[in-house]
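Student: this is a predicted model, with the sequence first.
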Amino acid sequence: MAGIVIIGAQWGDEGKGKITDLLAENVDLVIRFQGGNNAGHTIVREGTTWKFHLIPSGILYPGKRCAIGNGVVIDPKVLTDEIDDLRAKGVDLSGLRISANAHLIMPYHMLLDHAGETKLGKLQIGTTRRGIGPAYADKAARLGIRVQDLIDEKILKQKIMAAMEPKRLALRPYAKSPELDLQSMTEDYLTYGHRIEQHIADTTRITWKTLDEGGDVLFEGAQGTLLDIDHGTYPFVTSSNPVAASAATGTGAGPRDIDEIWGVAKAYATRVGAGPFPTELDDELGATMREAGGEYGTTTGRARRVGWQDLVALRYAARLNTLTHLAITKLDVLSGLGPLRVCTRYHTPNEASFDEFPYHQTVLHHAGGVYEELPGWDDDITECRTMDELPQAARDYLAYIEERVGVPIALVSVGPGRDQVIWTEAGKATAPALRAALA
Ligand code: IMP
């Protein structure tokens, strides 16, 4: 048996969806452990593009057990729309399980997210406005509504009333909004409950049983390490823990159930929303990279900020997550960009230098990168399937990252297609690769 965690090693949008999709084929259960529909995965399969926000993309393998763990916050409208869409496309959803303990995003959470951002004005976080922060806040305040509450009208109504009461003042501008009508909200959520009832389960037990019977479990993270509420660039973070440790709390697995931890990182860096980004390229080269990489959000369509690879941040992610493997995505985007820069240290205007990710937010806000320049390459690498087929400069670029981060690269993605990957020797020795070979 093996527990394999996939997390984002940067600011999210690293291409975790594709890596999860590749590894999911040969595991017995895929379970998401945090975040909500602030996340978005795009999967390209045989020319068809699939977009996922909540359901693990592993569902595309017929009958595959795919679960939404207790650590996820669920907008039931988004979930039921996703279910309808997949069903309409003929996808078998019999393997879908939803944790009875997962918390729900309510209409007032979205309104509060919106209002909170508007109030912050220039200081806003740039949230996805999907109600994520307010839903996790209610969870911590013990005012959350959980999936299991959806099947009991009396309890549901009582809990909604109790949750809305302390928000009365903040919600006053929306007092007349039909979305906040207690009766219709209760009815809508009961309907969602009926629609997903067949999928509601104790996912902690399913996870335990799968591992106990010798199966493999893939723990799927959302967002990225630098958006972690404890370890990221607070307050410019999401409201959950995207780090690997959260795979345990977000699913009910124990830390000893985890055998491999894969960190996914782009060959360069991107960030959506506000907050420090020391290697940001706010120039023409940045714009070229954005277009070449199609760096626009799956969830909000926002243009992503782009920058050079940041090894200070990546080493920090390797440490926080105890990464066993790295998956590098979008290497093809760097083709033809000329010499490539890699940030090895930060410096600040007062001449301070940082090899390690600085804990102080003010330092980070003023930090810029100190770079090593590496040769680029012009060749189209999208057809390469082995390391040997890559131009020497691309191999050197990867070797540089691997050495400086100190974590072996297991695979490299050279295009959006499922087949556009290179498995390295280290990758071929991982649990999913070995299982695939046996399959
Ligand atoms: P929230 O998660 O919607 O509260 O947004 C908080 C911060 O996390 C904002 O900067 C968002 O842009 C960022 N964020 C949330 N989800 C994602 C994601 O899936 N990819 C990248 N950034 C994200």
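Tutor: Thanks, I have it.

Student: what helix or strand does residue 437 sit in?
Tutor: Using DSSP states H and E, residue 437 maps to helix 431-438.

Student: for stretch 35-43, what is the distance to the chain centroid?
Tutor: 7 Å (Cα atoms, centre = their mean, to the nearest Å).

Student: do me a favour and get the end-to-end distance for it?
Tutor: End-to-end distance of stretch 35-43 (Cα to Cα, to the nearest Å): 19 Å.

Student: same thing with stretch 366-385?
Tutor: 40 Å.

Student: taking the stretch 1-150 of the chain, what residue is nearest to the ligand?
Tutor: residue 12 (2.8 Å; Cβ to the nearest ligand atom). For glycine as for every other residue, the C-beta is placed from the backbone atoms N, C-alpha and C.

Student: er, the chain I mean
Tutor: Closest point on the chain to the ligand, by Cβ to the nearest ligand atom, is residue 273, at 2.2 Å.

Student: find the nearest non-adjacent residue to that residue, please.
Tutor: residue 126 (3.0 Å; Cβ to Cβ, 6 or more residues apart in numbering).

Student: I'd say the one you found and residue 277 touch.
Tutor: No: contact criterion Cβ atoms under 8 Å: residue 126 and residue 277 do not qualify, at 11.6 Å.

Student: the two: who's more crowded?
Tutor: residue 277 (24 against 16; other Cβ atoms under 10 Å).

Student: OK, contacts around the more buried one?
Tutor: 11, 269, 271, 305, 307 (Cβ atoms under 8 Å, 6 or more residues apart in numbering).

Student: what strand or helix carries residue 261?
Tutor: Residue 261 belongs to strand 260-266, assigned by DSSP H and E.

Student: and that strand, which strands flank it?
Tutor: Strand 260-266 has the following strand partners under DSSP bridges: strand 2-8 (parallel), strand 325-329 (parallel).

Student: wait, which of those is closest to residue 25?
Tutor: Closest approach to residue 25 among the strands paired with strand 260-266 (Cβ to Cβ): strand 2-8, 12.5 Å.

Student: bridging residues for residue 353?
Tutor: With DSSP bridges as the rule, residue 353 is bridged to residue 347.

Student: so who does it touch?
Tutor: By Cβ under 8 Å, 6+ apart, the neighbours of residue 353 are 345, 346, 347, 370.

Student: residues from the stretch 101-250 of the chain in reach of the ligand?
Tutor: The stretch 101-250 of the chain comes close to the ligand at residues 125-128, 130, 132-133, 222-223, 227, 236, 238-239, as judged by Cβ under 6 Å from any ligand atom.

Student: which of the residues you listed ranks first by neighbour count?
Tutor: residue 223 (32 neighbours).

Student: what pLDDT does that residue get?
Tutor: Looking at residue 223, its pLDDT stands at 97.

Student: nearest to residue 57 among the contacts of residue 353?
Tutor: residue 346 (35.1 Å).

Student: the closest one contacts residue 354, correct?
Tutor: Yes: the criterion here is Cβ under 8 Å, and residue 346 meets it with residue 354 at 4.2 Å.

Student: joint contacts of those two?
Tutor: 312, 363, 367.

Student: now the angle from the helix or strand harbouring the first one to strand 325-329?
Tutor: Under DSSP H and E, the secondary-structure element containing residue 312 is helix 311-321. Our comparison of helix 311-321 with strand 325-329, counting by axes from the mean of the first three to the mean of the last three Cα atoms, to 10 degrees, yields an angle of 140 degrees.

Student: quick one: buried ones out of the contacts of residue 277?
Tutor: 11, 269, 271, 305, 307 (16 or more other Cβ atoms under 10 Å).

Student: make JSON lines out of those and add pLDDT and secondary structure.
Tutor: Output for the buried ones among the contacts of residue 277, formatted as JSON lines (pLDDT from 0 to 100; DSSP: H, G, I helix; E, B strand; the rest coil):
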{"residue": "11", "pLDDT": "97", "secondary structure": "coil"}
{"residue": "269", "pLDDT": "98", "secondary structure": "strand"}
{"residue": "271", "pLDDT": "96", "secondary structure": "strand"}
{"residue": "305", "pLDDT": "96", "secondary structure": "strand"}
{"residue": "307", "pLDDT": "98", "secondary structure": "strand"}
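
Student: can I get those in CSV with distance to residue 44?
Tutor: Output for those, formatted as CSV (distance: Cβ to Cβ, whole Å):
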residue, distance to residue 44
11, 22
269, 23
271, 23
305, 24
307, 25
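
Student: the ligand contacts on the stretch 301-439 of the chain?
Tutor: Counting by Cβ under 6 Å from any ligand atom, no residue of the stretch 301-439 of the chain sits close to the ligand.

Student: show me where the stretch 301-439 of the chain has helices.
Tutor: 311-321, 361-366, 392-405, 425-428, 431-438 (DSSP state H, counting those that start in this stretch).

Student: would you mind finding the most buried of these?
Tutor: helix 311-321 (a mean of 23; mean count of other Cβ atoms under 10 Å).

Student: contact partners of it?
Tutor: 5, 7, 9-10, 224-226, 228, 231, 243-245, 261, 263, 265, 269, 278, 323, 326, 342-346, 354-357, 369, 401, 404-407.

Student: hmm, try it at 6 Å
Tutor: Here helix 311-321 makes contact (Cβ atoms under 6 Å, 6 or more residues apart in numbering) with 7, 9, 225, 231, 243-244, 261, 263, 265, 343-344, 346, 357, 404-405, 407.

Student: quick one: contacts of the lowest-mean-pLDDT helix or strand in the chain?
Tutor: Taking mean pLDDT, DSSP states H and E as the measure, the chain has helix 431-438 as its least confident helix or strand, at a mean of 77. Helix 431-438 has contacts (Cβ under 6 Å, 6+ apart) with 2, 23, 26, 260, 427.

Student: where does the first one land on pLDDT?
Tutor: Turning to residue 2, the model gives it a pLDDT of 92.
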